[in-house]
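Trainee: next one to model:
(one chain, ligands or ions: 1)
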Amino acid sequence: MLDLTGKNALVTGIANNRSIAWGIAQQLHQASANLGVTFLPDDKGRYEKKVAELTASLSPSLFLPCDVQNDAQVQAAFQAIGEKWGRLDILIHCLAFAGKEELSGDFSDTSRAGFMRAIEISTYSLSQMTAAAKPLMTDGGSIVTLTYLGGVRVIPNYNVMGIAKAGLEMSVRYLAAEVGPQNIRVNAISSGPIRTLASSAVGGILDMIHHVEQVAPLRRTVTQTEVGNAAAFLCSDLASGITGQVLYVDAGYEIMGM
Ligand code: NAD
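Mentor: Numbers count the residues shown, from 1 in each chain. Below you'll find the model as predicted:
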């Protein structure tokens, strides 16, 4: 039984009840972690309301706005963590973005602005948040991010997000080497395709899920709960020797040659 009692965990990337971050937050809560949750603020406060209602059952002790394109907001979020908790043990980086127009058609048609935005939000934000979390992880820590096979192989329509995930996976290795001496571990989970707000922007995602259901050794794709369980494991002392890795939680699809 995983026990994260006494661990302070910040979960980013919850948008709704389909979010992978929601599956992770639930499993961390079940393992008795003390949770903080961030939301992406918008003009009408829709995300704030939705995420607040959804996460109320997990009684997060911190609920913070955090748009990674806003440096001041990221700094304020981590400052609030320092003031309220004093120490951070777990950071879940579960966010990404690319414009819908970049997630179908030819990769070479990706606009400069679209390319930069995808990398900034989906890749740079891991380094940005690790830098902010590092001083608070005074008793070691675990950072987990989410990636996809499209960062290693060509997946139809994943396009610039594949470049972002390749950079993210390499960031995991550089960051793991950097913060390892402080006993902070950095790992990625490569999830199989799941229907979420973000994945629905990728052209042909339902076909991809159907293909995985036909081909993966387990003849299905995975659930948010299964990814959440793997994240809880990586955040626990049971994974104390694991860092700089990409763990596939994909019903085995990655091993197949088709
Ligand atoms: P989701 O839409 O539920 O989550 C994406 C989150 O990113 C949202 O909560 C959104 O608010 C947040 N976000 C976007 N721009 C942001 C910004 N500027 N600042 C802060 N947050 C921002 O979708 P999801 O599928 O749960 O995605 C979570 C992670 O899992 C992503 O990194 C995604 O690439 C990865 N992933 C998803 C799948 C899949 O099939 N769904 C597979 C592998 C990896």
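
Trainee: need the contact list for the closest residue to residue 2 other than its chain neighbours.
Mentor: Nearest non-adjacent residue to residue 2, counting by C-beta to C-beta, 6 or more residues apart in numbering: residue 31, 4.3 Å away. Placement of C-beta: from N, CA and C, glycine included. The contact partners of residue 31, by C-beta atoms under 8 Å, 6 or more residues apart in numbering, come to 2, 3, 4, 5, 232, 236.

Trainee: ok, the residues you listed vs the ligand, which is closest?
Mentor: Nearest to the ligand out of the contacts of residue 31 is residue 232 (C-beta to the nearest ligand atom; 15.8 Å).

Trainee: just give me the neighbour total for that closest one.
Mentor: When neighbours are counted by other C-beta atoms under 10 Å, residue 232 registers 27.

Trainee: for it, which non-adjacent residue is closest in space?
Mentor: Spatially, and ignoring its direct neighbours in sequence, residue 232 is nearest to residue 27 (4.4 Å; C-beta to C-beta, 6+ apart).

Trainee: one step back: quick one: pLDDT of the residue nearest to residue 2?
Mentor: We have a pLDDT of 98 for residue 31.

Trainee: likewise for residue 258?
Mentor: Predicted confidence (pLDDT) at residue 258: the value is 74.

Trainee: what's the spacing between it and residue 216?
Mentor: Remark: distance between residue 258 and residue 216 (C-beta to C-beta, to the nearest Å) = 10 Å.

Trainee: any weak-confidence spans in this structure?
Mentor: Counting by pLDDT under 70, the chain has no low-confidence residues at all.

Trainee: ok, back up a step: more neighbours: which of residue 258 and residue 216?
Mentor: Set residue 258 next to residue 216 and count neighbours by other C-beta under 10 Å: residue 216 wins out with 19 against 6.

Trainee: just to revisit the earlier point, closest one of the contacts of residue 31 to residue 252?
Mentor: Proximity of those to residue 252 (C-beta to C-beta) peaks at residue 232, which lies at 20.5 Å.

Trainee: so for the host helix or strand of that closest one, what gets flagged as buried?
Mentor: Assessed by DSSP states H and E, residue 232 sits inside helix 224-235. Burial within helix 224-235, assessed by neighbour count using 16 or more other C-beta atoms under 10 Å, is assigned to 224, 226, 227, 228, 229, 230, 231, 232, 233, 234, 235.
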